[in-house]
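Undergrad: Show me how the following folds:
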Amino acid sequence: MKFWWRTNEALIATLLAWTLTGEPRFAERHCLVHDWSFAHFPDPEYGEWYGYLHRDGRVSVRLKGNLWKGPFHLPRMCGTAGACWPRSAQLRAASRSVDQPGPGGGAEGRGNLGARPPHHVRPGRDRVARL
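TA: Predicted structure coming up:
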């Protein structure tokens, strides 16, 4: 299940992480979340975002407002991220630089996206990742 609020907060977090650090990996992640979200969550006919999608992007619940989905996360995302989106061309260029190999031809040019933090969550383990 994909929830609107997690996606909204991920868009804010990845954009602010890229803005503060300039690391291409955050730009790449922001672009991935942005493109998927804006292709699936918005209702093209009546506007607003659906709150709940299946993992494949199909709408799970057609409600756009209920006791749990209110007008907080989407306006927050649009206001916060919208202020930074004028730099979107720069963000897209930074995102593309993640795919280019580094001088040694290895993963260093990808911002170490393939590397795991020392304490990563493994499937079947019940602990929180320390990043």
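Undergrad: contacts, neighbours, all on C-alpha from now
TA: OK.
Undergrad: Please list all residues in contact with Arg58.
TA: Taking CA atoms under 8 Å, 6 or more residues apart in numbering as the criterion, Arg58 is in contact with His40.
Undergrad: correction: Tyr52
TA: The contact partners of Tyr52, taken as CA under 8 Å, 6+ apart, are Met1, Lys2, Phe3, Trp4, Val59, Ser60, Val61, Arg62.
Undergrad: Once you drop chain neighbours, what's closest to the residue nearest the centre of the chain?
TA: The geometric centre of the chain, computed from its C-alpha atoms, lies nearest to Val33 (CA atoms, centre = their mean), at 3.4 Å. In space, and not counting its chain neighbours, Val33 is closest to Leu11: 6.6 Å by CA to CA, 6 or more residues apart in numbering.
Undergrad: so Ala39, which of the three states?
TA: Of the three states, Ala39 takes helix under DSSP: H, G, I helix; E, B strand; the rest coil.
Undergrad: how close does it get to Leu32?
TA: Note on Ala39: its distance to Leu32, by CA to CA, to the nearest Å, is 11 Å.
Undergrad: Next: Ile12.
TA: Computed as CA to CA, the Ile12 to Leu32 distance reads 13 Å.
Undergrad: Counting neighbours around each, name which of those two comes out higher.
TA: Between Ile12 and Leu32, counting by other CA atoms under 10 Å, Ile12 is the more crowded of the two (22 against 13).
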